[in-house]
Every structure is written in structure tokens, then in C-alpha cells.
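> Here's my sequence, what's the structure:
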Amino acid sequence: MNKVYYLLLLAWLAAASGTVCAQVTLTLTPAADNTLYESPNGALSNGAGDDLFAGVTNTGLIRRGVIRFDLSAIPPGANITQVTLTLVKNQGLGGPHNVNLHRITAAWGEGTSNAGGGGGGGAPSTANSATWIHTFFSGSFWAAPGGDFVAASSAVTSVGASGTYSWTSAQMAADVQSWIAAPNANFGWMLIGNESANQTAQRFLSKEFATAASRPRLSITYTTPCVNPVLNSLSLAADTVCAGGPALLTVSGALNSATAWQVYAGGCGAAPVAANSSGSFSLQPAVSTTYYVRGEGGCVTPGTCDSIRVQVRPQDQASFTYDTNAYCQNASNPTPVLTGAQGGSFSASPAGLQLNAATGEISLAASTPAPQYQITYISAGLCPDTAVRILSILPAYRDTADAQLCTGDTLFFGGQAITASGTYTSSFTSALGCDSTVVLQVSAVPVLTLELNTTICRGDTLAFGSLLLTQPGTYTQTFDAQQGCDTLVTMNLQVTVIDTTVTVIPNFPISLQAQALNATYQWLDCADNFSPIPGETNPAFTPSASGSYAVAITQGNCTDTSSCRSVTALALDPEDLTLPLRAYPNPAQDQVQIRLETLAPVVHSDLYTLQGAHLGRQTFFAAQHLEISLAALPAGLYLMQVSTGDRSGWVKIRKE
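Predicted structure coming up:
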């Protein structure tokens, strides 16, 4: 559509409607954007990146941004009066430089390439990416490398320091106007910077940038012609209804620029009844009423007023009553008294009430007891009336029960004194006032005597009737254990006592010996919160270090723990500690040095394990400094005794 024809059409519409709607400003974000990176094989793109580029890099490579907006929200026939593109620059070379908008003349793709970082180098092209030579990578091409666009610029803006920049012009409005008329030609604009020199490239934020307020936006201001509503006809699903309706009214016509069909009673503009844009109304007239309808709202003058009349017939009147609101299930079947409109039907909810639909008679014996049933009567006239009553059906019980009777006792049941087994029947009145029949099956139960033998561990407590037992002995208690009858129980109680004696064996090295026999053992470290010592499960225990130790002893189901015994591991006779020694290095590896205070004519060195096993002796003559080889020994702790004459000394050595 050329511009002259379009302006004539707008003038004709304005004349036909008498006015023009208020102008609307719409702000859009891009449907797609990308950068064309100069490359002879189209290897680079950035459709999913944060940035758009326009200009020339410091290495002389051209960058051109492409951007497109979805204009489908603008109504057909809209007159575009102003268009403004806003971009945020966040980096650029030199400047200021002019950046021109050119209308693109071929379809192109965004793809999923993401250069990341600054984005200036681009990323490998993915399927459907726009590139320097491709409209859609890798099989569709521009007519000319660098993209297809109108040579004349649609708008230009000088871009300098980082910040927000806008492009606006009459030609941009004309571009958008042409795209509204021909949506299939909407390929957007190309951003072309100063390409006459190096280091002119400008970087703008794209639609993928994390902060929405900094993304590209297109502001479009437009007006639309105002067209008055056209009302063709009014129709009713039924022109006669019962009081309260519904009367279904349908409006046939076109609202055009109006916003709603308005329904009135008493004349257009009098008493509003309902309004909507669909033209379908469910009305509830209480009496015969004439309804008036017209299109209103928006920029229009209220349209032609039309009317239609709804006739209302009178409502039936009906009611019913039962003689009470609650019935026992074994009472006589009740029938309601019905007044007013006749010939209707009864129903009940929830399910469970057996009701004659024609008469309302309730079959009590066949009904399920419930605290509340709703009984509804609907008359049979053209405008039926509905009446509701709430009733309760109370249960009349017939139960069978069992009872036990202890020998020698008496059971009272409905005035009967029962002393023997048998079947007995009696009638009662329930809490709800209904008859209840109970059949009682009585069984006589003899009194029993029991003798029990039980063993507990020392320190445990056994609850036996009212007694708490901790000591061995014979005890007697009476229980209601045999179906409620007395049972005499004799308890013979044994208490398992574990010998927790621990003896210190003063050998070399010192060990501890548990005295209990036929048991299992676990030695414990008292200083470490009685933690178990791994692997120490024998009656005898040789500590590897000084400390406080106990043993947990288990016999049968009982476990007891000894008192803690403090020992000094590897205790030595003070007479064997008269020779001062110094060992180094300690810890040692293959060799340890022992130094005496003075030179000795004969020196013996004896090496032991911590458990006292003798590993060997070396003898030195006229020595003060001893070199002892440890190369053949595994890593661990050892004791060395050095003696000369009547003096000796001990030193503990760690081999690594």
C-alpha cells in the first residue's frame, strides 16, 4: 500500500467515524539480534552473546549489528507517528563516531553462538546463525558479503562515551509503517558504524544482557482510526422465562472501536444491568422487563440503541413437612404433608436414604443411619419451586457381645444376675432414644496359678506386679491376667553376679588379669571415656602405655564392668636407672647414637620390645659413644638397656 493511498484511507475512516482514537506508545524488546563479523568463510557469529558491535576493530575487521523486533502487537491500520531505538553502549574505540541504521532486505537468523567475555572476537557459527556471508549458517547466503540492506540510512546517531543512545527519524517511522502493512518484509535494521578507519568499533548491550533495563528497546507511537459500533440484532434463547431467569440474550453486531456492549433496563443510559465485549448475557428478571442494548466505550460515540422484551411467568409455590426431624431406624415409615404445587418429585442426598420419589415416604429399616440427610422436593410446573428439609436417621442396634465370667463371680446384664456360661438377651434404650437389643454370650473362666523362674543381671530391676525386684528370692503377686480373672503368680528370681576382680601382674612388662571364667572380655580405656581398646578381648591385657584401664565382662546375657586400674607400663627397678643416657636422633631410622657421661672400659647394650622380648646384645670396649644399628628392625617402639659395671640405664627409642 503506497503512502498516498494509506493517507486517503485514514482520512476516509476518520470521516466515517467522526474521530480518531487516542495515540498509543508501545515499547518492545528485540525478537532477535546478532553481529556480522567480517570473515571470508562466515565462521563467526554471536547470536546468544551479551553484545552487538558496529564499526572497525584495531586490526581492520568490520563489525555490523543486526536487530529485529516483533510488531504483531500493533493493530492493522495503525498510523505510526514516531519510532525511537535505544541502545546502551558499554565499550568502544575512539570517537565520537556516527552509527547509521539501514533497513535490512533479507531474512536472517540468530543462532546459538556465544562469544562470551567482551565478544569482540566472535564465536564459531552454529546452525541458522547470521554471519558475514550467511543469512542462515551454513546453507543460505546474503546477496553480498556483509549483509543485504537499503543503501540510504534510516537514521544516524553520533556515539561517543559509554552510555545510552537513541535513533529516531521519519524514515524509521516509515520503515515500521511498511512492516505493519507487509509483516513478511520485516527483517529489521543493520547498525553500520564508521568503516573508513580502524579502531572505530562500538559495543552495545544485546537482548541477552542480564539486566533487562539495559537491553535494546524500540518505542513506537501510533494512532488508530475510530469506528463506531454496529448493532445488527438482539435475540433471546426463550422470550418467556421463570422469575429470576435465566434469560439468555445474544447481541449480533460489531463493537469496532467500542469496548463493550452495555445492557440497560428502562431505556439506554437509564439503569445499567450488565456489560461485556462478547455480546452474550445471562439475565435474571424478576418481572417482565424490556432490555436496551448499545455499544459504548473507547473513542466512539455510544451506538444505536436497540431493545427486546422478556416475559416472566409466575413461580410455583410448594412446601412439605415431616412430623419430626429425627427418626429411629425401627420406627414406622413417615410420609410428608405436601402443600402448594403438586405432582413433583422427591430426592435425597447423600446416598443411603431409601425414599419414594413420588410420595416422599421414607423406608427407615432399609435406610442407612446418618446424622443428616437433605430431602428436596421439586414441583412439576413450568416454573418449578424447590423445597428442602433436613432429617436424621438414628440407629436401632441389635448387637452380639461376648463376656467372660470368673468362676465364683456374678455378672449383671439387663436385670439378670448371671453366674454361669450361656447366651442371654436383653433390650436397652440407646443414648439417642432408640431401641437396642443385645445378645450376650457368657463364658466362665477359672482362676489360674502360675510359677515363673527368671534370672536378671546384678544391678538390673525387674518389675513384678507392685514390686521392683533386685535381689534373688521367691516372690508372689496376684494379676488379672486370665481374661480379667485373678491369676496367682510365684516368681523364683535368680541374680547373675559377674566377678569383676582385676589383678595386676607385676612381671615385665606389667599386665592386668581378669579373674572371671567362662566369659567374653573387652578391655576399656578409662581416660578415653571408657572407649574399647581394639583387639584386646582376652582375660589378660598388657598395656602399651601408662594409664587407667577397666574390662567389660559378659557372661550369658549379663555384662558388668570392673573398676579402673591405673598402671605404669614397663615399670623398672629404680636400681636399674643409675646410668644416665642420652640417645639421638630419636626417633631414629637406621642408626641411633647412645652417649654416656664418661668413658667406660666395657659397655653392654640390650634391645627389648615393649612387651619384654630380648632382641639382642652388643658389647663395646673403652667406649663413651655407642652406635647402635636399627636397620633390621621394623618401625615401632623399643627399650634399650645400657650397662657398665654395676650401673645401668634405660632409654625408649622410636624406629621410623
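> isn't Met491 right next to Ala463, touching?
No. Met491 is not in contact with Ala463 according to C-beta atoms under 8 Å; the separation is 10.9 Å. The C-beta positions use only the backbone N, C-alpha and C, and glycine is treated the same way.
> Identify the contacts common to the two.
Shared contacts of Met491 and Ala463 (C-beta atoms under 8 Å, 6 or more residues apart in numbering): Leu469.
> contacting residues around the spatially most central residue of the chain?
Nearest to the geometric centre of the chain sits Ala210, at 26.0 Å (C-alpha atoms, centre = their mean). Shown in contact with Ala210 (C-beta under 8 Å, 6+ apart): Asp50.
> Which helix or strand contains it?
For Ala210, there is no host helix or strand (DSSP states H and E).
> hmm, back to that, more neighbours, Met491 and Ala463?
More crowded of Met491 and Ala463, by other C-beta atoms under 10 Å: Met491, with 19 against 8.
> could you check the distance from the residue nearest to the centre of the chain over to Thr449?
87 Å (C-beta to C-beta, to the nearest Å).
> Tell me how far stretch 425-436 lies from the chain's centre.
54 Å (C-alpha atoms, centre = their mean, to the nearest Å).
> now do stretch 156-167
Computed by C-alpha atoms, centre = their mean, the separation of stretch 156-167 from the middle of its chain amounts to 46 Å.
> Repeat that for stretch 218-238.
46 Å.
> ok, now stretch 152-167?
48 Å.
> swap in stretch 139-152?
50 Å.
> What of stretch 48-68?
Worked out by C-alpha atoms, centre = their mean, stretch 48-68 lies 43 Å from the chain centre.
> Could you list the buried residues of it?
48-57, 61-68 (16 or more other C-beta atoms under 10 Å).
> Just to be sure, Gln593 is in a strand?
Yes. Gln593 forms part of a strand when assessed by DSSP: H, G, I helix; E, B strand; the rest coil.
> residues in contact with the residue lying closest to it once chain neighbours are set aside?
Leaving aside its sequence neighbours, Gln593 sits nearest to Tyr584 (C-beta to C-beta, 6 or more residues apart in numbering; 5.3 Å). Taking C-beta under 8 Å, 6+ apart, we find Tyr584 in contact with Val592, Gln593, Arg595.
> same check, this time on Asn518
Per C-beta under 8 Å, 6+ apart, neighbours of Asn518: Gln555.
> Secondary structure class of it, three-state.
coil.
> With Ala174 instead?
helix.
> Now do the same for it: its pLDDT.
Predicted confidence (pLDDT) for Ala174: 97.
> what about it, distance to Ala358?
As defined by C-beta to C-beta, Ala174 lies at a distance of 80 Å from Ala358.
> What separation is there between Ile180 and Phe281?
35 Å.
> Between Ala174 and Ala358, which has more neighbouring residues?
Ala174 (15 against 10).
> and that one, how far is that from Thr27?
Applying C-beta to C-beta to Ala174 and Thr27 gives a distance of 20 Å.
> what does Ser158 give?
Applying C-beta to C-beta to Ser158 and Thr27 gives a distance of 24 Å.
> try Thr561
Computed as C-beta to C-beta, the Thr561 to Thr27 distance reads 82 Å.
> Looking at the two, which is more packed in?
Thr561 (15 against 10).
> does that one have beta-bridge partners, and which?
Note on Thr561: beta-bridge partners Ala552, judged by DSSP bridges.
> Isn't it up against Thr554?
No. Using C-beta under 8 Å as the test, Thr561 is too far from Thr554 to be in contact (10.1 Å).
> which element is Met640 on?
Going by DSSP H and E, Met640 is in strand 636-644.
> List the contacts of that strand.
Contacts for strand 636-644 (C-beta under 8 Å, 6+ apart): 544, 570, 576, 579, 581, 583, 592, 594, 596, 600-610, 615, 626, 628, 630, 648-655.
> residues near Ile104, how many?
24.
> How about it: what's its closest non-neighbour residue?
In space, Ile104 is closest to Phe187, 4.1 Å off (C-beta to C-beta, 6+ apart).
> On the three-state scheme, the one you found is what?
coil.
> How about the contacts made by the spatially closest residue to Phe136 that is not a sequence neighbour?
Closest residue to Phe136 apart from its sequence neighbours, by C-beta to C-beta, 6+ apart: Gly109 at 4.3 Å. Residues near Gly109 by C-beta under 8 Å, 6+ apart: Ala32, Asn34, Gly47, Asn128, Ser129, Ala130, Thr135, Phe136, Phe137.
> Mind telling me what element Gly109 is part of?
Gly109 belongs to no helix or strand, assigned by DSSP H and E.
> can you offset everything so residue one is 33?
Will do, 33 is the new start, and the previous item becomes Gly141.
> any idea how far Ser157 is from it?
Separation of Gly141 from Ser157 (C-beta to C-beta): 10 Å.
> Which neighbours do these two have in common?
The contact lists of Gly141 and Ser157 share Phe169, where a contact means C-beta under 8 Å, 6+ apart.
> correct me, but Leu414 touches Pro346?
No. Counting by C-beta under 8 Å, Leu414 does not reach Pro346; the two are 9.2 Å apart.
> Identify the contacts common to the two.
Residues touching both Leu414 and Pro346 by C-beta under 8 Å, 6+ apart: none at all.
> So Leu639, which state does it fall into?
Applying three-state DSSP: Leu639 is strand.
> Quick check: the closest residue to it other than its chain neighbours vs Glu629, distance?
Distances taken as C-beta to C-beta, 6+ apart place Leu647 nearest to Leu639, at 4.3 Å, with adjacent residues excluded. According to C-beta to C-beta, Leu647 stands 25 Å off from Glu629.
> contacting residues for Ala175?
Contacts of Ala175 (C-beta under 8 Å, 6+ apart): Ala138.
> what about it, helix or strand, and which?
Applying DSSP H and E, one finds Ala175 in no helix or strand.
> ok, now how distant is it from Ala64?
Ala175 is 20 Å from Ala64, by C-beta to C-beta.
> now swap in Leu119 and tell me
Distance from Leu119 to Ala64, by C-beta to C-beta: 15 Å.
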